[in-house]
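Visitor: Pasting the sequence and the predicted model now:
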Amino acid sequence: HADAEAVATAACDAAPRSAAARSVRARTRELRGDGDAARADHEAALLLAPRDPAVLARAGVSLLASDPRRGETLLETAVALDPGHEPAWHGLLAAAHSRGGLSAFRERLRRVPGTLRGVAARSFVEGAAADLAGDADDAAACYARALAASPRHVGAANNLAWILAVRNGRPRDALPHAELAASLAPRSPEALDTLGWTRFLLGEPEAAEALLARARRLAPDRATVALRHGRSLLGCGRRGEARAAFRDAARLDPRIAETGEFLEAAAKAALEIHR
């Protein structure tokens, strides 16, 4: 995050009136935990480009926690200017979910017309909304529709693969989508995690371990990735390394140690669990 902020700061210094540079720097500062500096950059970017959908979306998402009404207003403005702006739709989905308006949001998306890019964007968000609602079949149909409109849509390919492999028990059908996502985004921990776990479900622990190890290096703070990596290590017969991965998962998220998946894997690895 510090390196990204340094690059964004250099861009701001080179172009002090660039709203995009300030908006991007605001996001890097949020990731670093400097909320005050991030808010100042968002406000400066909004003054410089009050009708830029990307600027509006970043500021809107940032404000959802502290000022949800203003955050939603900015996000609504972004989608009015650009109906296919995915980050703005995702922000509106988060807002709707937080206030219990998920059903109304899903219905709204179904009624929104738009360009081909808009169809892909909204279909993807429809899938995310269906996922949150626990409707795996509808989510899969939405992600497939997004892929039909935009065949290189990483998020749609990845999420469709996950539903097929994990929730529908069809890893063989999931594999082409998982491979597509990982090829398009080779440094995405989500895509590597999905492909790795799909390989594991297909009975290929060695291939799975290599992919999940990369996902874990890219996302060292994610307990679920550490858990799945541990399971792949266990499948390779590397019990000592598996135990270390399980301990790491429990450290990152103590709640994971209460799940059936963790307890079963820990027992196979002969990991002593301290409660």
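Guide: All right, it came through fine.
Visitor: these two touch, right, Glu30 and Ser62?
Guide: Yes: between Glu30 and Ser62 there is a contact under C-beta atoms under 8 Å: 6.2 Å. The way it works is simple: take the backbone N, C-alpha and C, and place the C-beta from them, glycine included.
Visitor: so where's the stretch 151-275 of the chain uncertain?
Guide: 271-275 (pLDDT under 70).
Visitor: Now do the strands in it.
Guide: For the stretch 151-275 of the chain, strands defined by DSSP state E, counting those that start in this stretch do not occur.
Visitor: Tell me where it has helices.
Guide: 154-162, 171-184, 189-201, 205-218, 223-235, 239-252, 260-268 (DSSP state H, counting those that start in this stretch).
Visitor: Of all those, which one comes closest to Phe124?
Guide: Smallest distance to Phe124 across the helices of the stretch 151-275 of the chain (C-beta to C-beta): 5.1 Å, for helix 154-162.
Visitor: could I get the helices of the stretch 151-275 of the chain as CSV with mean neighbour count and distance to Thr77?
Guide: As requested, the helices of the stretch 151-275 of the chain are arranged in CSV below (neighbours: other C-beta atoms under 10 Å; distance: least, C-beta to C-beta, whole Å):
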stretch, mean neighbour count, distance to Thr77
helix 154-162, 26, 23
helix 171-184, 20, 30
helix 189-201, 25, 29
helix 205-218, 20, 34
helix 223-235, 24, 35
helix 239-252, 19, 37
helix 260-268, 15, 42
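Visitor: export the ones you listed to a markdown table and tack on distance to Asp41?
Guide: Output for these, formatted as a markdown table (distance: least, C-beta to C-beta, whole Å):
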| stretch | distance to Asp41 |
| --- | --- |
| helix 154-162 | 26 |
| helix 171-184 | 30 |
| helix 189-201 | 26 |
| helix 205-218 | 26 |
| helix 223-235 | 30 |
| helix 239-252 | 30 |
| helix 260-268 | 40 |
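Visitor: Of all those helices, which one is nearest Ala49?
Guide: With distances scored as C-beta to C-beta, the stretch of those nearest to Ala49 is helix 154-162 (25.5 Å).
Visitor: got the contact list for that closest one?
Guide: Helix 154-162 is contacted by residues 120, 123-124, 127-128, 131, 139-140, 143-144, 146-147, 150, 174-175, 177-178, 180-181, 184-185, 188, 190-191, 194-195, 197-198 when judged by C-beta atoms under 8 Å, 6 or more residues apart in numbering.
Visitor: quick one on the thing from earlier: neighbour count for Glu30 and Ser62, which is higher?
Guide: Neighbour count, other C-beta atoms under 10 Å: between Glu30 and Ser62, Ser62 has more, with 23 against 19.
Visitor: and that one, which of the three is it?
Guide: Using DSSP: H, G, I helix; E, B strand; the rest coil, the structure places Ser62 in helix.
Visitor: show me what contacts it?
Guide: By C-beta under 8 Å, 6+ apart, the contact set of Ser62 is 26-27, 30, 38-39, 42, 71.
Visitor: Which of those residues fall within strands?
Guide: Nothing among those maps onto strands, per DSSP state E.
Visitor: Farthest pair within these?
Guide: Greatest spatial distance in those: Arg27 and Gly71, 14.4 Å, computed using C-beta to C-beta.
Visitor: Only the buried residues of stretch 64-80, if you could.
Guide: Residues of stretch 64-80 classed as buried by neighbour count (16 or more other C-beta atoms under 10 Å): 64, 71-72, 74-79.
Visitor: for Pro16, helix, strand, or coil?
Guide: What three-state DSSP gives for Pro16 is coil.
Visitor: and the angle from the lengthiest helix in the chain to helix 154-162?
Guide: Criterion DSSP state H: the longest helix present in the chain is helix 116-132. Interaxial angle of helix 116-132 relative to helix 154-162 (axes from the mean of the first three to the mean of the last three C-alpha atoms, to 10 degrees): 40 degrees.
Visitor: now what about the helix or strand following helix 116-132, what contacts it?
Guide: As assigned by DSSP states H and E, the chain's next helix or strand after helix 116-132 is helix 136-149. For helix 136-149, the surrounding residues in contact (C-beta under 8 Å, 6+ apart) are 116-117, 119-121, 123-124, 126-128, 130-131, 153, 155-157, 159-160, 163-164, 167-168, 177.
Visitor: same deal with stretch 223-235?
Guide: 189, 193, 196-197, 200, 205, 208-209, 212-213, 215-216, 219, 239, 241-246, 248-250, 252-253, 256, 261-262, 265, 268-269.
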